[in-house]
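>>> mind looking at a prediction? Sequence and model below.
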Amino acid sequence: GPSGMGKSALVQEFLDSLVAGGDALILRGRAYERESVPYKAIDGWVDALSRHLLRLSDRGNLFRLPGDTWALARIFPVLRRAPEIGEMHAPLADDPHRMRRRAFAALRELLASLAERQPVVVSVDDVHWGDADSAALFLDLVRPPKAPPVLFVLTYRDDQEEGSPLLAATQAHWPPGAEVR
């Protein structure tokens, strides 16, 4: 791209070229400084994921969902907009740690199923504002074995690297064998 182009603009240009190519599923999100939702570096692109699942559902070609998708929908209620997820019955009580593990596993499986159909790109802008929960989920999505074949494009401002819970956690706990550039 032209010199002096900001990181976000450069990434937008890259993603727009993929959209123009028509093959890839692009899920875009952004973390905001003053937002205090849990999983704030995940929330936005899961929103995009829910719209995609709703479109698949409307066309009648939503694949078999992971059995624990209800656990994922408990963390991200927006996913319940797809009727197949909204109708899932969740067990009444589950240990919160086990439920979180089940939710993370469901998202890995869901992304893997989508990636069988088309390339999947997840983009998160200003990821430095992300929280420790977002970091835990990202780390789970990229860990071998059988990590879903997804390209994660994360942008952050260099001057915000210090003091970012997400960047600190992902750098300290990046799984061996997970590719990063």
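Good, I have the coordinates.
>>> you'd agree Met99 is up against Ala71?
Yes - Met99 lies in contact with Ala71 (CB atoms under 8 Å); the separation is 5.1 Å. In short, each C-beta sits where N, CA and C put it, glycine included.
>>> looking at the two, which one has more neighbours?
Ala71 (23 against 19; other CB atoms under 10 Å).
>>> who's in contact with whatever helix or strand that one lives in?
Using DSSP states H and E, Ala71 sits in helix 69-75. By CB atoms under 8 Å, 6 or more residues apart in numbering, the residues outside helix 69-75 that reach it are 38-39, 66, 79-80, 85-86, 88-90, 94, 99-100, 102-103, 106-107, 110.
>>> how about the strands in the chain?
25-30, 120-125, 150-154 (DSSP state E).
>>> CA atoms of the second one as CSV?
Provided in CSV are the C-alpha atoms of strand 120-125 (Å, rounded to 0.1, in the frame of the first residue of the first chain):
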residue,chain,number,x,y,z
VAL,A,120,-11.8,-18.1,7.3
VAL,A,121,-10.1,-14.9,8.4
VAL,A,122,-10.7,-13.3,11.8
SER,A,123,-9.5,-9.7,12.1
VAL,A,124,-9.4,-7.7,15.3
ASP,A,125,-8.4,-4.1,15.3
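>>> so what does it touch, helix or strand wise?
Other helices and strands packing on strand 120-125, by 3 or more CB pairs under 8 Å, 6 or more residues apart in numbering; DSSP states H and E, are helix 7-21, strand 25-30, helix 43-58, helix 96-117, strand 150-154.
>>> out of the ones you listed, which is the most enclosed?
Among the helices and strands packed on strand 120-125, strand 25-30 has the highest mean neighbour count (mean count of other CB atoms under 10 Å), at a mean of 20.
>>> from the chain's centroid, how far away is it?
8 Å (CA atoms, centre = their mean, to the nearest Å).
>>> average pLDDT across it?
Per-residue pLDDT over strand 25-30 has a mean of 95.
>>> partner strands of it, with direction?
strand 120-125 (parallel) (DSSP bridges).
>>> outside of the partner strand, which residues touch it?
So strand 120-125 is contacted by 8, 11, 15, 18, 24-31, 41-42, 44-45, 111, 114, 130, 148-155 (CB under 8 Å, 6+ apart).
>>> all set, thanks.
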